[in-house]
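**Q** With the input below, show me the fold.
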Amino acid sequence: MPLLWAVFVSLFYSTFAGRCTPEQILLLWGVDVTDYSVAVTWITPSGPCNGSFVRYSVQGHGSQTVVPATTFPYQPFVQNTPYWFYTATILHLSPNVTYTYSVGSTTGQSDSQFMRTPASNDEMTFGVMADIDTKASSIQTINLVAADPLIDVLLVPGDMSYADGRDARWHTWGRLMQPVAARLPQLPAIGNHEVEHEEDTGGLGHYITRFMAFRDCFKPFLANVTAAPCPAYYSLNLGPAHIIALSTEMDYTPGSAQYDWLSRDLEIANANRALYPWIIVIGHRPMYSSKNKTDPEDLPVRVALESLFLEHAVDLAIFGHDHYYQRSYPLRNSEVAGDLRAFRSDASATYHAPHAPVYVVVGTSGTPLYNLLKSPNLPLWVATRLAIFGYARFNVSRSELHFQFIENINATVLDEFRITRPVPPPTPASSSTGSSSGHVPGEAESGESARAAGTTWSTSHTAAVVAVLLLVVIAASIGAFVYRRIAARKRAYAAVSLENLTVALDDSRTAGDGSLEHSTASESRTGGNDGSAKRSQANASDDEMSPIP
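**A** I've put the predicted structure just below:
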């Protein structure tokens, strides 16, 4: 009897009570707003679970804010699945604050989760995971990234679950990924294993649902349209960097919609360096790969896009797809852009304003690695290549980018490099983020940003000039006052000295007359000069007693 009761309770919970238990919680950076905001998404095994919400507060504070969630079934976008999907966006978060939050409904809630907003718009740290999969090595990397206290945002350049359209595999990956996905907002890019070739969703049903549902562009899906309305590529300004997420699974060749969008986006980003000094691109298929292939996959991407990267001075390009870690030197048209010997002898691996991108492959987050013995000959442009599981982390300030690759056993840094650039002019007060999705900000917006920057720059210079002129006027006034006082004292001293000299001359004249009248007697009595000496001493005493102006 107790056994039957236990079976009944278990079946009841899994069938009814458990159907609204949130799982696969995922944070995404709120790219459709212009301040610190995070979209929170989650899934339930069944639904709908009415009254769904996100409840959050500053860690350690009792007051909580509740944000209602949007609810919709997974099935219109991914066929034959009972799962339901939920999304809510938390707006106006404060920088450098740890928040606690939970998701759910009146019939099921998650445990408390934690997230921390970046400390500053002038500095930010990004994590990188690509080619993750659902292996034991994947879990090891996931847990290591979740425990890294330095990362603010996670970049994921494709091949996340290796589901290839399999619904169950996506849900397994979502559950495994939650320790990091519920803590760090993600910026994803599409990989070849995200493509499903389903006509009703444009081949990206799971990807669009999980990573784009919080966007306005997702709403046409609710009408069960046949084409994916959300873009597979986008960009945003985050901290001191402009981040571009490409889709190497869609047409990116000259003349395509993506190429035209990228060209315009890079042009605006390069002109906006005073606000966002770094341009960083993520995508899946690499532009430079050292894997030995008779038909290299990197060549089409490089031929199509490298000229844009060079023209607009992309600083760093990060890819996945190849299952190893690889770092290039700064490259220009397959040649090292700089002194190769100097690069190799520099133990700090610091590239000072190289004016050419560094290309990195981080396909090491869990899926089986390549055997590098099959590709023994390294091109000269390869700085480092490693076949070991791990992830990457890089910090960007306004003048330096510091990149590290960390293996996932002992969390040891196995490779690192720096890119430095001159410090840009001071930035005007601005929001932390700005974004474009399948489009770029228009001319008017770009012009307004440039004018705002120019206005702030001119105002600061005007204030400095006024301050300098004021100091010059004050110094001149003080100098004139001191000069007048000194001149007055000199005139007074000269007048008194002239008066004393006149008196002395009169005395000398009088004394001289007396000497002539009595010279014979004086000379016979005193021997000649004693009287003149005494009168000279008297005159000297008179001079010493003269007042000093």
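
**Q** Counting neighbours, what do you get for the residue nearest to Pro379 when sequence neighbours are not counted?
**A** In space, Pro379 comes closest to Ser290 once its chain neighbours are excluded; the distance is 5.8 Å by C-beta to C-beta, 6 or more residues apart in numbering. Every residue, glycine included, has its C-beta placed from N, CA and C. If you count neighbours by other C-beta atoms under 10 Å, Ser290 ends up with 21.

**Q** For Pro82, which three-state class applies?
**A** When classified by DSSP: H, G, I helix; E, B strand; the rest coil, Pro82 comes out as coil.

**Q** Check the gap between the spatially closest residue to it that is not a sequence neighbour and Val336 for me.
**A** Excluding its sequence neighbours, the residue lying closest to Pro82 (C-beta to C-beta, 6+ apart) is Ser46, at 5.1 Å. Distance check for Ser46 against Val336: by C-beta to C-beta, to the nearest Å, it reads 57 Å.

**Q** what does Pro48 give?
**A** 57 Å.

**Q** Comparing those two, which residue is more hemmed in?
**A** Val336 (20 against 16).

**Q** show me the contacts for the more buried one.
**A** Going by C-beta atoms under 8 Å, 6 or more residues apart in numbering, Val336 touches 329-330, 343, 380-381.

**Q** In helices, which of the residues you listed appear?
**A** Phe343 (DSSP state H).

**Q** what about the helices in the protein?
**A** Using DSSP H, helices in the chain cover 2-15, 136-146, 167-181, 205-212, 257-271, 298-311, 340-345, 443-517, 519-526, 530-544.

**Q** angle of the fourth one against helix 167-181?
**A** Think helix 205-212. 20 degrees (axes from the mean of the first three to the mean of the last three C-alpha atoms, to 10 degrees).

**Q** What of the second one?
**A** Comparing the axes of helix 136-146 and helix 167-181 via the same axes, to 10 degrees yields an angle of 30 degrees.

**Q** And helix 136-146, what does it pack against?
**A** Helices and strands touching helix 136-146, by 3 or more C-beta pairs under 8 Å, 6 or more residues apart in numbering; DSSP states H and E, are helix 167-181, strand 390-396.

**Q** ok, now with 6 Å
**A** Packing partners of helix 136-146 (3 or more C-beta pairs under 6 Å, 6 or more residues apart in numbering; DSSP states H and E): helix 167-181.

**Q** Please identify the buried residues of the helix it packs on?
**A** Neighbour-count burial for helix 167-181 flags 167, 169-171, 173-174, 176-181 (criterion: 16 or more other C-beta atoms under 10 Å).

**Q** And those, which is the shakiest by pLDDT?
**A** Least confident of those in the model: Asp167, at 83.

**Q** where does the stretch 351-500 of the chain have low pLDDT?
**A** Applying pLDDT under 70 to the stretch 351-500 of the chain flags residues 424-469, 472-473, 475-477, 479-500.

**Q** If we use 50, what do you get?
**A** 428-433, 439-462, 494-498 (pLDDT under 50).

**Q** With the chain instead?
**A** In the chain, residues with pLDDT under 50: 1-16, 32-33, 76, 199-201, 224-228, 428-433, 439-462, 494-498, 501-506, 508-549.

**Q** 70 instead?
**A** Low-confidence segments of the chain (pLDDT under 70): 1-18, 31-34, 75-81, 197-203, 216-229, 292-295, 424-469, 472-473, 475-477, 479-549.

**Q** related to what we said a few turns ago, thought the residue nearest to Pro82 was touching Tyr83?
**A** No - using C-beta atoms under 6 Å, Ser46 makes no contact with Tyr83, being 7.4 Å away.

**Q** Between these two, which has more neighbouring residues?
**A** The residue with more neighbours, out of Ser46 and Tyr83, is Tyr83; 20 against 15, by other C-beta under 10 Å.

**Q** tell me the contacts of that one?
**A** Shown in contact with Tyr83 (C-beta atoms under 6 Å, 6 or more residues apart in numbering): 43, 74.

**Q** any idea how far Ala182 lies from Gly104?
**A** For Ala182, the distance to Gly104 (C-beta to C-beta) stands at 13 Å.

**Q** pretty sure Phe319 contacts Tyr359?
**A** No - if you go by C-beta under 6 Å, Phe319 and Tyr359 don't touch, sitting 7.3 Å apart.

**Q** How about Gly127: what's its closest non-neighbour residue?
**A** Going by C-beta to C-beta, 6+ apart, Gly127 has Ile151 as its nearest residue, at 4.0 Å.

**Q** Only whichever of the contacts of Val336 are buried, select them in PyMOL.
**A** Applying 16+ other C-beta under 10 Å to the contacts of Val336, the buried members can be selected in PyMOL as follows:
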select buried, resi 329+330+343+381
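
**Q** And the contacts of Val336, which is closest to Pro240?
**A** Checking the contacts of Val336 against Pro240 with C-beta to C-beta, the nearest one is Pro330 at 19.7 Å.

**Q** Got the phi and psi for the closest one?
**A** For Pro330, the backbone dihedrals (degrees, to the nearest 10) come out as phi -60, psi 130.

**Q** Was I right to think it contacts Tyr351?
**A** Yes - proximity of Pro330 to Tyr351 meets the contact threshold set by C-beta under 6 Å, at 5.5 Å.

**Q** Pull the number of nearby residues for the residue lying closest to Leu401 once chain neighbours are set aside.
**A** Of all residues not flanking Leu401 in the chain, Ile419 sits nearest, at 4.4 Å (C-beta to C-beta, 6+ apart). For Ile419, the neighbour count with other C-beta under 10 Å is 23.

**Q** wait, Ile419 sits on His352?
**A** No - using C-beta under 6 Å, Ile419 is not in contact with His352, being 8.1 Å away.

**Q** Quick one: end-to-end length of stretch 352-366, please.
**A** 33 Å (C-alpha to C-alpha, to the nearest Å).

**Q** go on, stretch 106-115?
**A** 23 Å.

**Q** in that stretch, what counts as buried?
**A** 107-110, 113, 115.

**Q** How about stretch 44-56?
**A** Neighbour counts over stretch 44-56 (16+ other C-beta under 10 Å) mark 44-45, 47-49, 52-56 as buried.

**Q** picking up where we left off before, export the contacts of Val336 to a markdown table and tack on distance to Lys135?
**A** Output for those, formatted as a markdown table (distance: C-beta to C-beta, whole Å):
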| residue | distance to Lys135 |
| --- | --- |
| Tyr329 | 32 |
| Pro330 | 34 |
| Phe343 | 35 |
| Leu380 | 34 |
| Trp381 | 31 |
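
**Q** Between the contacts of Val336, which sits nearest Phe309?
**A** Nearest member of those to Phe309, counting by C-beta to C-beta, is Pro330, at 11.3 Å.

**Q** From Trp381, how far out is that closest one?
**A** Applying C-beta to C-beta to Pro330 and Trp381 gives a distance of 9 Å.

**Q** Just give me the neighbour total for Arg332.
**A** Arg332: 16 surrounding residues under other C-beta under 10 Å.

**Q** That one and Pro357 touch, don't they?
**A** No - taking C-beta under 6 Å as the definition, Arg332 is not a contact partner of Pro357, at 8.6 Å.
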